[in-house]
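Novice: sequence and predicted structure below; questions after.
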Amino acid sequence: MKRKAIYVPYPQAVPLKYVIDKESCIYFEKGKCRACEKFCPTGAVNFEDTEQRMVLQVGSVILAPGFRAFDPSRYETYQDLQLPNVITSLEFERILSPTGPYAGHLKRPSDGKEPNKIAWLQCVGSRDINRCDHGYCSSVCCMYAVKEAVIAKEHRKGDLDCAIFFMDMRTYGKDFEIYYNDARDKSGVRFIRSRAHMIHPEAGGDGLLLKYANEKGEFIEESFDMVVLSVGMETSPDIIQLAEKFGVDLSEGQFCKTDPFNPVSTSREGIYVCGAFQGPKDIPQSVMEASAAACGAGVDLQDARGTETKSKEIPEEKDISEAEPRIGVFVCNCGTNIGGVVDVPSVADYVSTLPGVVYVEQNLFTCAQDTQDRMKDLIKEHDLNRVVVAACSPRTHEPLFQETLQACGLNKYLFEMANIRNQNSWVHSDDPASATDKAKDLVRMAAARASLLRPLKAKRIPINKRALVVGGGVAGMTAALGLADQGFEVVIVEKEPQLGGLSRQLTHTIEGGRIQEHLRDLMERVSAHEMIQVLTESLIVDFSGFKGNFTTEVLVGPGMYERKIDHGVVVLATGANEYRPREYLYGEDKRVLTQIDLDKRLEEKGADDLRRVVMIQCVGSRNEENVNCSRICCQNAIKNALHIKALNPETEVYILYRDIRTYGRLEYAYREARRQGVHFFRFDAEEPPQVTSDEQGLAVTFRDQVLQKDLRIGVDVLVLSAGMRAADTDELASILKLARNPDGYLMEAHVKLRPVDMASEGVYVCGTAHGPKLISESISQAMAAASRAATFLSQSEITLSVVTASVDQEHCASCLVCVRVCPYGVPRINKDGVSEIDEALCRGCGICAAECPAKVIQLNWYEDDQVMSKVEALLEGIL
Amino acid sequence: MRLQYPSTIKIICLPCTGRVDVIHILKAFEKGADGVYVAGCMEGACQFNSGNLRARKRVEKVQEILEKIGVGGERVQMYNLSSSEAPRFVEIAMEMTEKITALGPNPIKVAMKKVAA
């Protein structure tokens, strides 16, 4: 699979522009060609461009240099370089992509045939100190392999056999276990717990042979059409050099060194880190850390905030109310995207005949900077008071053109776009004649609506700069400090008599971080902070308002007195608890403990009296009642196992597990535990360990998968890795109208792109309230929530949306239909007895406008005449 | 994804199908449209809670009216899909086109042509 010397690295590249690979370019190598320069229609290619050195004075640095995929050619037995159908997972992503080498068709590289069987080999370049020095787990490969298999199967509509060869299936993230279960049970992806040592080309065929041993010890040989190597993440040498230049320390595995209580701070003050360079992680984690790093920088730069910002000068709007519509239409070719299918000149000719249109022009790229500049001149020159752009999607480009209108003193709602690309040339490319006719229809419709558009003024309202943080645990306090340190007032509402949440029961992180010390530090900083007010033993009883202007009623303290708090944002940090097991004799036999119980026990009594300890993983998780993984139990068990060994190396420790999910750098602890002689035994969900308690004592019976025999072990203490369960937020969720997932965790606006925002603006979530996570991850997310909240609160005013409904009160009959149909309870009958809609609360759906029997409600920008004009313009001349 | 669908389909976009009024749909048929469909979010997942449910009621009302006046209620339909389901969008476009082609041109159009002739 080759590419040209001039190329776009991938469709998501920013900037999405072509770049010349000097080493493959004929001009740079031999002094000839420069064809690209000749053909470029805008003259963008500049062979004389040189490197420039700049000196920047900054107050803070954030390192986000990322990772590179591991090069599997080191695994000679996989023959990645020699066998064309052995590819990396990244190459497979490109094959599946519609912008990839096969335009999204699933083909194998050797002969272009559709594969019938694909195998994934996990842990290539991860959890391996033999062929590479990468003892860590790359955290993402299990999930991406499952995803690739599921999507590949969807492509081939089920006639594809996908097999994933793995050691542990690490689907530990929020809702990931459901995805894994569905992949296995619904999509039929095969999961084979085994590693194949080599890939043989099949003798006399195109297949690839994998020989592997299953858990029963049987040797199986299977032939596949393609083998995908799930390559891990690593830090590239130039990033290691970069780290040196910045003077930041690296940790084992060549990732940036951070500590669990300061997950985005590097070893050098003022320099922050986020993303894969901090440690292998997925997108949601990376996005959270990015916002967390911004919080760190934001706190440092607090005093300088706003000193270097520039504000845009917007000219005053001209009054066009008396004028007839004078519409300017710009028809875009979009390179060849539109022009290659639609006869743009004929569309432009047609458009000039439309009523109200006084100016038409064609552009190669209407969105290009030079076109925008010309547009401003043309608007003034031809005294245009409406603009129509016939091009691509308003979803991406409307704001750009609206800004241009504003810059000319035109209200930005006097603008209309006709999508003659995504909704025309791209989807009717095999019928250029029809596509041209349709383009004419679409522009006629847009021009008709444009002449009926009226200027709209967005209301600007001040916002309250105070933040309300619900929950005073580690996440809540961290978020509060993140905001207070940036100069915002914060009120923490905590339902317990003391701060700290679940962390009060914890002692150490797996890295050895002392949790109680950190907790004390947090509590001291919070109580001493002049910007933070703490209300303990307090409950939220009422909530109203909208982003920037919320009012929350709290019943405070043991006295239960009422207090109304006005604030601009809410940060939810309501936490989670350890599941109280009902299985394995917990509560019946005193020797059965949870991990938190064990932690306390070791602190109080040590481990000298413990001869044998068995731990059972996944208690209360990954089952019918609680489908998802609780994420923290594997590392927690290993942490406690290592603690026991440290106290008493003679103690036998057994961990009975289903998968060991020590992702990222937690893998080092797993290896250390094995090295110290902790015994690990796997069990299937269908065959859990059995626990008995009789005169002989407490015993655990489990199956040894290697010997295929049951073992019965007498224990001094049985420890259950009881998972996490979301805190009870039923009442809070109904008062604040919060979305929660089926497990009871708060639901973020978007899993990847907005992991700390809730769906309603001004509401944020962090910590275990969002989902099970480590303390370091809670701290990251809390800082991220503070960062997002601070961004909102930094505005002096917020602009309300213009797309709101309004009532012509003179003609309102008070029928109450609008009051009843609004999903948000916004229309109110006012003291004059007519319906009134608060534009700050209106969400702009238009339901009331459509339901009003007297037609006295109109939705701004989607008024009846504006909507109907499109219908009428489209069907002009049909009858 | 650039999946192809018939060019006889023209899209008018609104913030929510809850904004679609009975009169908008009737006006389209009055002016000679052969078919109209309303595409909204999946039920239970309306971005504005219940707009798509109200839209469905209105579409049913229009079906009743069109049936009574002899235009044919089948010419207007309500579909629910998620905004990320491109293949489903195309499937609906094809289904609707097939249905309307089988039903033939809008009877109002046919009648007006006769009158003009």
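Specialist: Perfect, thanks for sending it. Predicted, not measured: the structure shown is a model, and the values here were computed from it.

Novice: shouldn't A:Arg305 be in contact with A:Ser794?
Specialist: Yes: in this structure A:Arg305 lies within contact range of A:Ser794 using CB atoms under 8 Å: 7.4 Å. No exception for glycine: its C-beta is placed from N, CA and C like everyone else's.

Novice: list the contacts for the residue of chain A positioned farthest from its centre?
Specialist: The outermost residue of chain A relative to its centre, with distances by CA atoms, centre = their mean, is A:Glu695 at 53.7 Å. If a contact means CB atoms under 8 Å, 6 or more residues apart in numbering or on different chains, then A:Glu695 has no contacts.

Novice: for A:Leu384, see how far away it is.
Specialist: A:Glu695 sits 95 Å away from A:Leu384, going by CB to CB, to the nearest Å.

Novice: identify the residue spatially nearest to A:Cys822, adjacent ones excluded.
Specialist: A:Cys848 (5.6 Å; CB to CB, 6 or more residues apart in numbering or on different chains).

Novice: just give me the neighbour total for the spatially closest residue to B:Ile12 that is not a sequence neighbour.
Specialist: Closest residue to B:Ile12 apart from its sequence neighbours, by CB to CB, 6+ apart: A:Lys870 at 4.9 Å. A:Lys870 has 23 neighbours, counted by other CB atoms under 10 Å in any protein chain shown.

Novice: please name the residues that touch whichever residue of chain B sits closest to chain A.
Specialist: Residue of chain B nearest chain A, by CB to the nearest CB: B:Arg19 (3.0 Å). By CB under 8 Å, 6+ apart, the residues touching B:Arg19 are A:845-847, A:849-850, A:859, A:862, A:867, B:51.

Novice: quick one: name the residues of chain B near chain A.
Specialist: Within chain B, the residues that sit near chain A (CB under 8 Å from any CB of the partner chain) are B:1-8, B:10-12, B:14-16, B:18-21, B:23-24, B:27-28, B:31-33, B:47-51, B:54, B:58, B:108-109, B:112.

Novice: buried ones among those residues?
Specialist: With burial judged by 16 or more other CB atoms under 10 Å in any protein chain shown, the buried subset of those is B:5-8, B:10, B:14-16, B:18-21, B:23-24, B:27-28, B:31-33, B:48-51, B:54, B:58, B:108-109.

Novice: which ones among the residues you listed are found in helices?
Specialist: Secondary structure defined by DSSP state H assigns B:23-24, B:27-28, B:51, B:54, B:58, B:108-109 of these to helices.

Novice: now, the most widely separated pair of these?
Specialist: The largest separation in these, counting by CB to CB, is between B:Gly51 and B:Lys109 at 30.9 Å.

Novice: phi and psi next, for the most centrally placed residue in chain B.
Specialist: Centroid-nearest residue in chain B, with CA atoms, centre = their mean: B:Tyr37, separated by 1.4 Å. In terms of degrees, to the nearest 10, the main-chain angles of B:Tyr37 are phi -130, psi 150.

Novice: my guess is it meets B:Glu74, correct?
Specialist: No: between B:Tyr37 and B:Glu74 there is no contact under CB under 8 Å: 10.9 Å.

Novice: can you tell me the residue of chain A closest to chain B?
Specialist: At 3.0 Å from chain B, A:Gly846 is the closest residue in chain A, using CB to the nearest CB.

Novice: does that residue touch B:His24 like I think?
Specialist: No: look at A:Gly846 against B:His24 with CB under 8 Å: they stay out of range, at 11.1 Å.

Novice: so what's the residue count around the nearest residue to A:Val8 once chain neighbours are set aside?
Specialist: Take A:Val8 and drop its neighbours on the chain: the residue closest to it by CB to CB, 6+ apart is A:Tyr18, 5.6 Å away. A:Tyr18 has 15 neighbours, counted by other CB under 10 Å.

Novice: buried residues in the one helix or strand in chain B whose mean pLDDT sits lowest?
Specialist: When each helix and strand of chain B is scored by mean pLDDT, DSSP states H and E, helix B:107-116 comes last, with a mean of 91. Within helix B:107-116, the residues that count as buried by 16+ other CB under 10 Å are B:107-109.

Novice: then stretch A:137-146?
Specialist: The neighbour-count check on stretch A:137-146 (16+ other CB under 10 Å) flags A:137-146 as buried.

Novice: distance check, the nearest residue to A:Gly513 once chain neighbours are set aside against A:Phe277.
Specialist: Nearest non-adjacent residue to A:Gly513, counting by CB to CB, 6+ apart: A:Pro260, 4.4 Å away. Going from A:Pro260 to A:Phe277 by CB to CB gives 17 Å.

Novice: phi and psi next, for the nearest residue to B:Ser50 once chain neighbours are set aside.
Specialist: Distances taken as CB to CB, 6+ apart put A:Pro823 closest to B:Ser50, at 4.9 Å, once the chain neighbours are dropped. Taking degrees, to the nearest 10, you get phi -70, psi -20 for the backbone angles of A:Pro823.

Novice: show the contacting residues for A:Tyr7.
Specialist: A:18-19, A:21.

Novice: quick one: which of these is nearest A:Gly340?
Specialist: Using CB to CB, these come closest to A:Gly340 at A:Tyr18, 18.3 Å.

Novice: ok, for A:Glu398, nearest residue in space, not its chain neighbours?
Specialist: Residue nearest to A:Glu398 in three dimensions, not counting chain neighbours: A:Met417, with 5.9 Å by CB to CB, 6+ apart.
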